[in-house]
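>>> kindly generate the corresponding structure for this input.
(one chain, ligands or ions: 1)
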Amino acid sequence: MQYTKEERLLNPFPWYDTMRKTDPIHFYEQYGIWQAFRYNDVQRVLSDYAAFSSNFGGPGEDPLSTSLISMDPPRHRQLRNIVTQAFTPRSVAKLSERITAIVTELLDKVAATGRMDIIDDFSYPLPVIVIAEMLGIPQEDRERFKHWSDAIVGATSSGGANPQQEMGAYFLDMIAQRRENSEDDLISALLTAQIDGVHLDQRELLGFCILLLVAGNETTTNLIGNALLCFDEYPETMDQLRAEPDLLPTAIEEVLRYRSPVQLMYRHAVSDVELGDHTIRAGQMIMAQIGSANRDEAQFPNADTFDIRRTPNRHIAFGHGIHFCLGAPLARLEAKIALALLLERFQDIQRVGDIPLETTGSDIVYGVKHLPITFRA
Ligand code: HEM
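Below is the predicted model of the structure:
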């Protein structure tokens, strides 16, 4: 069966299924890239850093290429140790009250209309505001900051300016201010941190700030959006969750598995390495197909069923091993508060069905651009 690109992006799961069964480690001739589709192989590619490197050695001045996510040990561990503290479940739990206030404000804005776009009005602004506050961006700069972060993740055109450079200049200015006057925010914490008595250099600091935006915002937006897609497919789950709100964390894990916001990550082989029946040659790239691994029947019974009570659920939507998502506790908390309040305050939630779903257009980030719903407040 032939699919258009848009159909495949919205529903890649039948294709994954075929690949897992027929060609689980596939060589993509046209691009010279490997793809792994089965749970065990994907997990290995993500976590075996000695064989599969994350460091693509991009252009020297690009702050992201020197950030945590593109770093191998030993530097990876040193840098990660510095930032771990701010993102532990305990640290992020302190943000609960603020996240609740932001979610309440977003829902208040639309409550009277009986209609909202889950993405534009809710799941998109939420993580941007949260991360801006964590970093210590003053309220009056929020709009500018949102504009840059939109442009960097490609949601809007940057109108000729270079948003990464503009935001970089802004952060450098902020870093200079915090050096003078430390405050209770993430930038100040990063400034005081040291590795073997040495502070992070400016490029590392900048790379980390930008990484938080790129890695954290669109993904969280889509986790919340994808939850609504799951609820739309299985409408009874909304009442089940209203009746048993304690099921929400398990339900969120199931959304992460069933419609993983990040569908794939890249690695490249450090030297020739055996994977299944194949040899990946030194330097060749490999795509770890997370979205497929999370539908692997060998790991998940009834993998194509969305089950809000699924336990155990060892999905790898946040990766696996040393690069396991730093922001996972924050993303889980934001999703929990957002969905709990949405379901509590709004009844009879229905997707506006006559508007066709349009995907993000990306192979990596799974989700939709808009998700209009109606409800009774
Ligand atoms: C549902 C939301 C999210 C999903 C699905 C997600 C997914 C992922 C995945 C799959 C990785 C592993 C990358 C790899 O192995 O190469 C990762 C790493 C990372 N994520 Fe997330 N993420 C989410 C939210 C966040 C948030 C909210 C933040 C921060 C505010 C964040 C920050 C990071 C960072 C810094 C890394 C790199 C960690 C390292 O290399 O050690 N993520 N994320």
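
>>> and whichever strand or helix holds Leu206, how far out from the chain middle?
Taking DSSP states H and E as the criterion, the element that holds Leu206 is helix 202-233. Relative to its chain's centre, helix 202-233 lies at 4 Å (C-alpha atoms, centre = their mean, to the nearest Å).

>>> for that helix, give the mean pLDDT please.
Average pLDDT, helix 202-233: 91.

>>> would you mind listing what in the stretch 51-200 of the chain touches the ligand?
Counting by C-beta under 6 Å from any ligand atom, the residues of the stretch 51-200 of the chain close to the ligand are Ser54, Leu68, Ile69, Arg80, Ile131. For every residue, glycine as well, the C-beta is placed using N, CA and C.

>>> which residues touch the residue in the stretch 101-250 of the chain positioned nearest to the ligand?
Residue of the stretch 101-250 of the chain nearest the ligand, by C-beta to the nearest ligand atom: Gly216 (3.0 Å). Applying C-beta atoms under 8 Å, 6 or more residues apart in numbering to Gly216 gives the contacts Pro127, Ile131, Gly327, Leu330, Ala331.

>>> let's see 10 Å
87, 127-128, 130-131, 134, 149, 325-327, 330-331, 334 (C-beta atoms under 10 Å, 6 or more residues apart in numbering).

>>> make TSV from the residues you listed and add pLDDT, neighbour count and secondary structure to it.
Formatted as TSV, the contacts of Gly216 follow (pLDDT from 0 to 100; neighbours: other C-beta atoms under 10 Å; DSSP: H, G, I helix; E, B strand; the rest coil):
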residue	pLDDT	neighbour count	secondary structure
Phe87	88	20	helix
Pro127	95	28	helix
Val128	90	22	helix
Val130	93	22	helix
Ile131	91	22	helix
Met134	90	21	helix
Ser149	74	23	helix
Cys325	97	19	coil
Leu326	95	23	coil
Gly327	95	21	coil
Leu330	96	26	helix
Ala331	97	24	helix
Glu334	98	27	helix
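
>>> just those now: which is nearest Tyr39?
For the contacts of Gly216, the closest approach to Tyr39 (C-beta to C-beta) belongs to Cys325, at 17.6 Å.

>>> other SSEs contacting whatever helix or strand Ala340 lives in?
Per DSSP H and E: Ala340 is located in helix 328-345. For helix 328-345, the helices and strands in contact under the criterion 3 or more C-beta pairs under 10 Å, 6 or more residues apart in numbering; DSSP states H and E are helix 89-93, helix 96-111, helix 125-135, helix 202-233, helix 236-243, helix 248-258, strand 372-376.

>>> picking that back up, from the residues of the stretch 51-200 of the chain next to the ligand, list the buried ones, please.
Ser54, Leu68, Ile69, Arg80, Ile131 (16 or more other C-beta atoms under 10 Å).

>>> just give the nearest non-adjacent residue to the first one, would you?
If I follow you right, that is Ser54. Ser70 (5.4 Å; C-beta to C-beta, 6 or more residues apart in numbering).

>>> pLDDT score for that neighbour?
pLDDT, Ser70: 90.

>>> how near is it to Gly136?
Remark: distance between Ser70 and Gly136 (C-beta to C-beta, to the nearest Å) = 25 Å.
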